[in-house]
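S.K.: pasted the sequence and its predicted model underneath.
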Amino acid sequence: MPLTHFERLGQLSDLEDANLSHRDAVDLIPMRLGQLSDLEDAISTHRDAVDLTPHGHPDKPSHPNNLGNAFLTRFERLGELSDLEDAILRHRGAVDLTPHSHPDKQGHLNNLGNAFLTRFQRLGELSDLEDAISTHRDAVDLAPHGHPDKPGCLTNLGNAFRARFEHLGELSDLEDAVSRQRDAVEFTPDGHPHKPTLLNNLDHSFIDRFERFRDPSNLEQAISIYSHAASASTGSISARFHASQYWISCAQRIRHHTLLHAHSVATGLLPQLAWIGLSLSRRYSELEQGADVVREAAASAIDSGFTETTVEWLEQGRSIVWGELLQLRSSYEELSVAHPDHRELSAALENASATRERSSVFSEQTSSVAHSATESLQNEVDRHRRLAIERDKLLQEIRRFPGFKQFLLRIQFSQLRASAHSGPVVILNAADSRCDALVILADLDHVIHVPLPTFTFQRSMGLQNMLEKLLGHARVIHSDDREGKSATLRGVSWESLLSTLWNGVVKPVLDILAFSTPGDLSRIFWCPTGPFVFLPMHAAGLYGTQQSEAGHKVSDFVVSSYVPTLAILALSSNPAAAPSGDLHLLAVGQPPSDGQSRLPGVDIELEHIRAVIRNSPSARTSLVESSAGTVEEVLSLMKEADWVHFACHGIQDSASATESGLCLADERRLKISDIIALSRPRGGLAFLSACQTAMGDERLTDEAIHIAAGMLFAGYGGVVGTMWSISDKLAPEVARDVYQQLFRNGTRPDYREAARALHEAIGRLRDSGTGSFVTWLPFIHVGL
């Protein structure tokens, strides 16, 4: 991988130093924040610099070099060959304009060589590869020993030799690659931010050696080098993460003793990929490169018998973006209570954390505003960077306090087991090599491991595909109603899907928990990973006519809820005192100007809620209804209300999951980014009577990018959501029955009873025979 001025540095302080020496914002903003508009600004600004700088000016050669870098970056982002041709043209111009004795000459040659190599990788023309080798050789020859550019020139020449070896198979090229890349590593001191990348380049050549000669010593050497690169304390997070992945791959091939350590390093690096200074959508985009890392790490830990470590890794490496926001929000109160004499420190952390959190949704909130002034954007980036560095220093100081050594670090199992305070928590892990259930009980200091030998990753994917077929168009966004249309397919049935889940997953878990008496309903919390996320565990069972009696369905034994992380439940392990005032319930119906088709059932649904409240005057509940239905009004009312009920259209955006939301007035959505920006007390119920509110993103199954999760992380204690589209006719009935159950005692309702209320309501609908599988299955409860 070529070294360029655009490479992302691993330490924030290093990035600050880099910025001080490269004040041109356009060099760093596009790669760090990932905004294409900033890259376009960079190209425009550099083009102006090229045009406006007179010949003979000492800075003249640097401007086409920078413009070439910008074109190359855009090519890597968009794949347009014209950008690559422009990059080569500009870099060639920079080289021609730079005198042979100029100190930047080797850097300009290096960039031109990278561009030639990139074009070879795109088009396969050997002449480009020869030009890359020749140009990189000139750069190496020009860079004196000890020059800071020397290692970069050497490693890129090595990359070019390695590319020719892979193309032509000449062993001498591979040896030349190893020689140059080894020199690059030796000339670079430990702690240098480029060291992990240099190590990776050398290691790739050792892997080629192993593939050619099958000498295990080459693989052993590769493992050693990759481990050093992945474990470096500085450098590109991406380079270190990729090193950890190669390390794992090599260790698996020979069952190396460092395999578990490699998984541990990879899992620790995964959250750092989603740097909080990036926009919310960009953070998720970065995480796609490690989508299955933590599940494979968990499977490896299970193989070795470390089930408690497995739980810790799964908590650390899933719902990463949500988890960090959640910890930041809870930090101020926790620290203030434990160390009241250091309130100024906790206040400083809260301020830095809040600003960093807002930076996560910076791009979403400002995407419609023109940011053509590079200077103002640079000031904004500088401010967030300084706050991030300040926060890191504050955390180091806080971790010196007694009891705060692990503050905002990986949570230990001894703390995580508190999540099972209201019932067993069952983590379902799906990896290529195995599928397992991990059961956590509050009064056990170890994990109950339930192997699922008959249920494989391939079977879980097969069931997910079966579900897609059964739903047909129900998971496609409809404009006419909330109803999902089921598909009738030969050889595929709901009964088959749900019985496979029952026999292969759910029944083994219930058996190990000794849940054998139907009707004695305990709470159970499913925490699925991978393909399990899309499978209806809450409905698993045998639905044939011969199994009509109780005892063949999960709903006969437990009340099911889902959780994206254990931390969501752990926060509620010490519930606050019962609220003293009236409960304020906000109801948001479909606005006339949402741009969607009318939902006749919405008015019926809202009237059901009004009637329940009217009939329970002693329940101390007041109903607040949205009038305008705008995003701003609803957000304002949500801050004041204890509970919220939405009856409207919902959309899980398949193109950009962070754009998912609830359709409100003026054809705008209440998006996930709006919801998580809310600041409200923890607790209360969010009832999302809309389509696809707990559906998730297939590209990042373990990040819980859906509206229901957003409500949880905004502070709601429990959420009623939907896995796919719902019926506009039946949704009012479900809402009515849930609220009637919650208000049945005539006292102020408790949101923690919502899961049981939904269980009863769906049971009545299912047993009535008026609804098919596709109409009652989508309703789920998420949270406590």
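M.R.: Now that the structure is in, tell me what you want to look at. Numbering: from 1, shown residues only.
S.K.: quick one: the strands in this structure, in order.
M.R.: Counting by DSSP state E, the chain has strands at residues 425-430, 435-440, 448-451, 522-528, 558-562, 583-588, 621-625, 643-647, 650-651, 661-664, 668-671, 685-689, 718-722, 779-783.
S.K.: who wins for proximity to residue 773 among the ones you listed?
M.R.: Taking CB to CB, strand 779-783 is the member of these nearest to residue 773, at 11.9 Å. Where you see a C-beta, it was placed from the backbone N, CA and C, and this is true even at glycine.
S.K.: what's in contact with the closest one?
M.R.: Residues from elsewhere that reach strand 779-783 (CB atoms under 8 Å, 6 or more residues apart in numbering): 536, 538, 560-564, 568-569, 694, 708-709, 712, 716-723, 726, 734, 754-755, 758-759, 761-762.
S.K.: can you give me the offset of it from its chain's centre?
M.R.: Here strand 779-783 is found 21 Å from its chain centre; the criterion is CA atoms, centre = their mean, to the nearest Å.
S.K.: what does stretch 587-596 give?
M.R.: Relative to the centre of its chain, stretch 587-596 is centred 30 Å away, using CA atoms, centre = their mean.
S.K.: if you count neighbours, what's buried in that stretch?
M.R.: For stretch 587-596, a neighbour-count test (16 or more other CB atoms under 10 Å) marks 587-591, 594, 596 as buried.
S.K.: now stretch 441-448
M.R.: 447-448.
S.K.: pLDDT of that stretch, averaged?
M.R.: Mean per-residue pLDDT for stretch 441-448: 96.
S.K.: got it, and stretch 557-572?
M.R.: 90.
S.K.: just the CA atoms of it, as CSV, please.
M.R.: Extracted in CSV, the C-alpha atoms of stretch 557-572 (Å, rounded to 0.1, in the frame of the first residue of the first chain):
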residue,chain,number,x,y,z
PHE,A,557,-42.3,-20.6,28.2
VAL,A,558,-40.8,-17.1,28.1
VAL,A,559,-41.5,-13.5,27.3
SER,A,560,-38.9,-12.5,24.6
SER,A,561,-37.1,-9.2,24.3
TYR,A,562,-34.1,-8.3,22.1
VAL,A,563,-31.0,-6.2,23.1
PRO,A,564,-28.2,-4.9,20.9
THR,A,565,-25.8,-4.8,23.8
LEU,A,566,-25.6,-6.0,27.4
ALA,A,567,-24.8,-2.5,28.5
ILE,A,568,-28.3,-1.4,27.7
LEU,A,569,-29.6,-3.8,30.4
ALA,A,570,-26.7,-3.2,32.8
LEU,A,571,-27.6,0.5,33.0
SER,A,572,-31.0,-0.6,34.5
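S.K.: show the average pLDDT along stretch 768-784.
M.R.: 90.
S.K.: alpha carbons only: can I get that stretch in PDB?
M.R.: Extracted in PDB, the C-alpha atoms of stretch 768-784 (Å, rounded to 0.1, in the frame of the first residue of the first chain):
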ATOM      1  CA  SER A 768     -57.600 -15.600  17.000                       C
ATOM      2  CA  GLY A 769     -56.700 -16.700  13.500                       C
ATOM      3  CA  THR A 770     -57.400 -13.300  12.000                       C
ATOM      4  CA  GLY A 771     -53.700 -12.600  11.300                       C
ATOM      5  CA  SER A 772     -51.200 -14.600   9.300                       C
ATOM      6  CA  PHE A 773     -47.600 -15.100  10.300                       C
ATOM      7  CA  VAL A 774     -46.500 -12.100   8.400                       C
ATOM      8  CA  THR A 775     -48.900  -9.800  10.300                       C
ATOM      9  CA  TRP A 776     -48.100 -10.800  13.900                       C
ATOM     10  CA  LEU A 777     -44.500 -11.900  13.600                       C
ATOM     11  CA  PRO A 778     -42.900  -8.400  13.000                       C
ATOM     12  CA  PHE A 779     -43.900  -6.900  16.400                       C
ATOM     13  CA  ILE A 780     -41.000  -7.200  18.800                       C
ATOM     14  CA  HIS A 781     -39.900  -5.700  22.100                       C
ATOM     15  CA  VAL A 782     -36.400  -4.300  22.500                       C
ATOM     16  CA  GLY A 783     -34.700  -3.400  25.800                       C
ATOM     17  CA  LEU A 784     -35.900  -3.800  29.300                       C
END
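S.K.: any idea how far that stretch is from the chain center?
M.R.: 27 Å.
S.K.: one more: stretch 752-760?
M.R.: With CA atoms, centre = their mean, you get 29 Å for stretch 752-760.
S.K.: any idea of the mean pLDDT for it?
M.R.: According to the model, stretch 752-760 has a mean pLDDT of 97.
S.K.: list the buried residues in that stretch.
M.R.: 752-760.
S.K.: just give me the closest of the residues you listed to residue 620.
M.R.: residue 753 (15.4 Å).
S.K.: got a list of what that closest one touches?
M.R.: 741-742.
S.K.: with the one 5 residues further on instead?
M.R.: The neighbourhood of residue 758, defined by CB under 8 Å, 6+ apart, consists of 720, 734, 738, 779-781.
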